[in-house]
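J.: coordinates only, sequence not included:
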C-alpha cells in the first residue's frame, strides 16, 4: 500500500519485488540492475536510473512530479495480456495472507 515503489539495489537478478509492485499497480523507480532492466521500460512502465544516490533521487522526484507517468504505470498491468499473471499472483498473495 504505497504511492511509489523504489528499488535501490546495486545488484538485482530478477527483481521479484519490482514485478509484485507492478502487478499491484504501483509505479516503480529502480536502479538499472539486471532485474530492473529486464522488467522496466523506462518512461513506459517505470523509471530506471543509474546506480547512484543522486540519480535515484532524481528518478523519485521525476515520478512524484509526473502524474501522467504514474497513471501509465498503474494501468500497465491492467492490460488484458497480463490478467493471467495478475490472477496467479493475487491468488498466491491471498493464500499467504489467510
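T.: That came through, no problem. Given the structure is predicted, the values throughout are model-derived calculations rather than measurements. Numbering: from 1, shown residues only.

J.: looking only at pLDDT, what's the mean for the longest helix out of those in the chain?
T.: Across the chain, the longest stretch assigned as helix under DSSP state H is helix 83-97. Throughout helix 83-97, pLDDT has a mean value of 74.

J.: The most centrally placed residue in the chain: what's it in contact with?
T.: The C-alpha lying nearest the average C-alpha coordinate of the chain belongs to residue 28 (C-alpha atoms, centre = their mean; 3.2 Å). By C-beta atoms under 8 Å, 6 or more residues apart in numbering, the residues touching residue 28 are 4, 5, 6, 7, 18, 21, 22, 40, 45, 46, 47, 73. (Each C-beta comes from the backbone N, C-alpha and C, glycine too.)

J.: partners of it in the sheet?
T.: With DSSP bridges as the criterion, residue 28 is bridged to residue 5.

J.: pLDDT at it, what is it?
T.: On pLDDT, residue 28 comes in at 96.
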